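[1] Just to be clear, the model below is a prediction. Sequence and coordinates:
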Amino acid sequence: MILHFYFARRFLTGFVLISAVLFALLVLVDMVEQARRFGSYDIGWQRIFGLTMLNTPATMNLILPLIMILATVVLFLSLARSSELVVTRAAGRSALTALQAPVMVAFIIGVMAVGMLNPIVAATAKRYVQVSENIRAGGASALSISHEGLWLRQGGEQGQTVIRAWRSNADASVLYDVTFISYAPDGGPIRRIEATSAELEENSWVLTGAKSWPLEVGVNAEGNAEFFETLTLPSNLTLDRIRESISDPGAVSIYDLPEFISQLEQAGFSPRRHKVWLQTELARPFFLVAMVLVASAFTMRHTRFGGTGVAVLASVLLGFGLYFIRSFAQILGENGQIPVILAAWAPPVASILLALGLLLHAEDG
């Protein structure tokens with residue numbers, strides 16, 4: 001147990017140090033990108049830094065498998081240079097036995113990434129979109145899906161407009177049984193519109209079968225109501241922005257995903273992408289374990305054999321290859337070409353079996 005704790009501590013130390021270095025580099029790079037993206041809005045360095053801190057956790061979550069590979073490489077290269085790995089093998093410890101501690105730490109990190117980092121990334125990603133949209137459009141455009149239907153909010157210089165629809169078509173281009181409530185810039189409601197359907201065209205909503213009520217103080221709303229067969233309302237929303245808000249599963253916490261999937265189905269949208277994302281997140285600890293096994297298969301060797309650089313490069317390239325296969329399988333699952341479970345769980349399981357095969361071949365020939 002002492003040896004296992006020693007290997008676990010060394011692996012965890014390397015993981016933390018590499019994560020800290022990459023986090024600092026990502027902050028510097030992303031600050032430059034945010035300054036370029038919002039340079040024409042004159043928002044100041046404080047807000048740029050705030051946007052960077054909101055956007056960086058999502059990138060760290062994305063490169064977590066790479067960090068795991070690098071931490072494994074650092075661990076076993078340091079053990080090989082100090083001959084500790086040779087002593088461990090001479091004491092009768094097999095390669096798989098020596099890997100128990102790093103694998104367990106990687107699995108725990110994966111569980112923490114799913115249970116703790118995922119909600120943080122979802123919250124920061126959602127906040128980043130809200131702040132960036134507020135800077136660009138002068139008013140935040142938000143989307144929410146609940147048991148009461150689909151909710152949208154669009155903003156501009158003329159005030160905010162809240163939109164509620166009971167359902168929509170599959171691509172969110174047409175809303176049905178829709179209500180528009182317009183607010184003045186000072187915050188008070190000024191008009192309510194109900195329509196049979198609303199179709200989003202270029203820079204405008206086209207309403208069919210609409211009825212409009214004025215909501216001004218001292219005005220009889222029903223007596224001054226107007227009927228329109230077709231009514232056009234200006235909008236700063238686009239189909240791409242609505243679809244992106246709906247289809248980005250990374251902006252929803254894993255704890256809220258099952259309910260969100262149910263709400264998507266009730267609203268008429270396809271929840272397949274969110275189902276694939278949910279299963280992929282649940283399979284993440286096993287994929288991180290696979291990255292440890294892949295890296296160890298190439299680096300659990302003494303440095304006197306030479307070819308250390310080639311072995312490190314091979315482990316990183318194989319890790320990238322497996323990550324690409326995982327992403328490709330995820331896309332196939334989102335498009336409905338393969339089952340959801342197969343798209344999420346096949347790459348981690350196949351990666352673990354491949355790495356175990358390489359380790360057993362190196363161990364026993």
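    Structure's in. What do you need? Residues are numbered from 1 along each chain as shown.

[2] didn't Ile190 look like it was pressed against Ser182?
    Yes - counting by C-beta atoms under 8 Å, Ser182 is a contact partner of Ile190 at 5.4 Å. Any C-beta I mention is one placed from the backbone N, CA and C, and that applies to glycine too.

[3] Can you check which residues contact both of those two?
    Common contacts of Ile190 and Ser182 (C-beta atoms under 8 Å, 6 or more residues apart in numbering): Gly159.

[4] Helices of the stretch 51-200 of the chain, start to end?
    Under the criterion DSSP state H, counting those that start in this stretch, the stretch 51-200 of the chain contains helices at 64-81, 84-90, 95-98, 100-112, 118-137.

[5] Deepest in the core, which of those helices is it.
    helix 64-81 (a mean of 22; mean count of other C-beta atoms under 10 Å).

[6] So which elements touch that one?
    helix 2-37, helix 84-90, helix 100-112, helix 284-299, helix 308-334 (3 or more C-beta pairs under 8 Å, 6 or more residues apart in numbering; DSSP states H and E).

[7] how about 6 Å then?
    Helices and strands touching helix 64-81, by 3 or more C-beta pairs under 6 Å, 6 or more residues apart in numbering; DSSP states H and E, are helix 2-37, helix 284-299, helix 308-334.

[8] Leu356: which of these is closest?
    When those are compared by C-beta to C-beta, helix 284-299 sits nearest Leu356, at 6.4 Å.

[9] what's in contact with that closest one?
    65, 68-69, 72-73, 76-77, 99, 102-103, 106-107, 110-111, 114, 311, 314-315, 318-319, 348, 351-352, 355, 358-359 (C-beta atoms under 6 Å, 6 or more residues apart in numbering).

[10] mind redoing it with 7 Å?
    Helix 284-299 is touched from outside by 64-65, 68-69, 72-73, 76-77, 99, 102-103, 106-107, 109-111, 113-114, 311-312, 314-315, 318-319, 322, 326, 347-348, 351-352, 355-356, 358-359, 362, with contacts defined as C-beta atoms under 7 Å, 6 or more residues apart in numbering.

[11] hmm, back to that, same list, the helices of the stretch 51-200 of the chain, but as TSV with distance to Pro271 and mean pLDDT please.
    Shown next, in TSV, are the helices of the stretch 51-200 of the chain (distance: least, C-beta to C-beta, whole Å; pLDDT from 0 to 100):
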stretch	distance to Pro271	mean pLDDT
helix 64-81	25	89
helix 84-90	48	72
helix 95-98	40	74
helix 100-112	24	93
helix 118-137	16	82
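
[12] most centrally placed residue in this structure?
    Geometric centre of the chain, nearest residue: Gly250, 3.0 Å, by C-alpha atoms, centre = their mean.

[13] Stretch 320-333 - what's its average pLDDT?
    Averaged over stretch 320-333, pLDDT sits at 92.

[14] Show me which positions of it end up buried.
    Neighbour-count burial for stretch 320-333 flags 322-323, 326, 329-330, 333 (criterion: 16 or more other C-beta atoms under 10 Å).

[15] burial count for the residue nearest to Phe23 when sequence neighbours are not counted?
    Nearest residue to Phe23 in three dimensions, chain neighbours excluded: Met60, at 6.1 Å (C-beta to C-beta, 6 or more residues apart in numbering). When neighbours are counted by other C-beta atoms under 10 Å, Met60 registers 18.
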